[in-house]
Every structure is written in structure tokens, then in C-alpha cells.
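Enquirer: just need the structure, nothing else, for what follows:
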Amino acid sequence: MRVGLVRTVGAATALYGVAVTAWPDLLAKPSGLADRSGSVAPATRTSLRPLAWRDAASGLAMVVAPEGPALRTATLVRIAADFGDAALLGLTLPDRSRRIKAVAVSVGWGALSMVGLLGRGGQR
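Expert: Below is the predicted model:
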């Protein structure tokens, strides 16, 4: 496992999750969940906050989990969340171009976590 990479991905994920929890528009607008004027409905903000909090929690787990089974499990949870996001957003976002971008971002983060999980070496 490349622990340094896993922890870096975890920290970035946790920070993004906290930011989106506070400001759901950071996720809603690029995902095409805003109306034509750029406004995000209160119900959409409410729905995105638990998703963002999940990201914050799973990212934090990657940062603080002790090396070994706990860190592997935290990383697998993150990978499952990213690939799950890719599948669900790919099936449900209304705008095709935004859907493709959202899937690419989700798969990219999941793949980065996989590289960290499966990689060998002394990176710490």
C-alpha cells in the first residue's frame, strides 16, 4: 500500500466533503443540479449534505486509520463510494455532458485510491 497517497486522497476527500457540507452549491452547480439561473433548490442542498458528510467521514478515516486492515477497509469504503457515485450519477444526472464529467471525476478519485491501496513501495 502507498500509505502517503492513500492519506493524501483521504485528506482531500475530507476537505471537499466539509466544504460541500457547508456549501452544497460547490457540488450542485457543476453537476447540473441548479436551475437555469444558477439557483440550487433548498431540497437539493439538503439532499447533498449527507453525501458530502459521508465523503468527509470516509476521507478522515483514510487519514487517521492505523496502517493495516483498518486503513485498507477505510480505503475500500472510499473506493466503493466513488465507484457507486459514478454508477448512480451516470444513470441519473439529467445533462449528458455533466453526467460524463461527474462519472470521470468519480472514477478518477476511485482509481487514485485503488492505486494507493494496491501500490507497493515506501511512499508514506
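
Enquirer: spit out the contact partners of the residue of the chain positioned farthest from its centre.
Expert: Farthest-out residue of the chain from its mean C-alpha position, per CA atoms, centre = their mean: Ser37, at 26.3 Å. Residues near Ser37 by CB atoms under 8 Å, 6 or more residues apart in numbering: none. Just so you know, the C-beta spots here come from the backbone N, C-alpha and C atoms, and that holds for glycine as well.

Enquirer: three-state assignment of it?
Expert: Put simply, Ser37 is coil when judged by DSSP: H, G, I helix; E, B strand; the rest coil.

Enquirer: for Met1, which non-adjacent residue is spatially closest?
Expert: Leu117 (5.9 Å; CB to CB, 6 or more residues apart in numbering).

Enquirer: how about Ala61?
Expert: Nearest non-adjacent residue to Ala61 (CB to CB, 6+ apart): Ala74, at 3.9 Å.

Enquirer: what lies in contact with the helix or strand of the chain with the lowest mean pLDDT?
Expert: Here the helix or strand of the chain ranked lowest by mean pLDDT, DSSP states H and E is helix 25-31, holding a mean of 92. For helix 25-31, contacts defined as CB under 8 Å, 6+ apart pick out 16, 19-20, 33-34, 38, 40, 44-45, 48, 51-52, 89, 93, 98, 101-102.

Enquirer: buried stuff in the helix or strand following that helix?
Expert: The first helix or strand that comes after helix 25-31 along the chain, using DSSP states H and E, is helix 42-64. Within helix 42-64, the residues scored as buried using 16 or more other CB atoms under 10 Å are 44-45, 48-49, 52, 54-56, 58-63.

Enquirer: just give me how far the helix or strand just after helix 42-64 sits from the chain centre.
Expert: Sequence order places helix 69-92 as the next helix or strand after helix 42-64, per DSSP H and E. Centre-to-centre, helix 69-92 and its host chain are 8 Å apart (CA atoms, centre = their mean, to the nearest Å).

Enquirer: alright, calling it a day.
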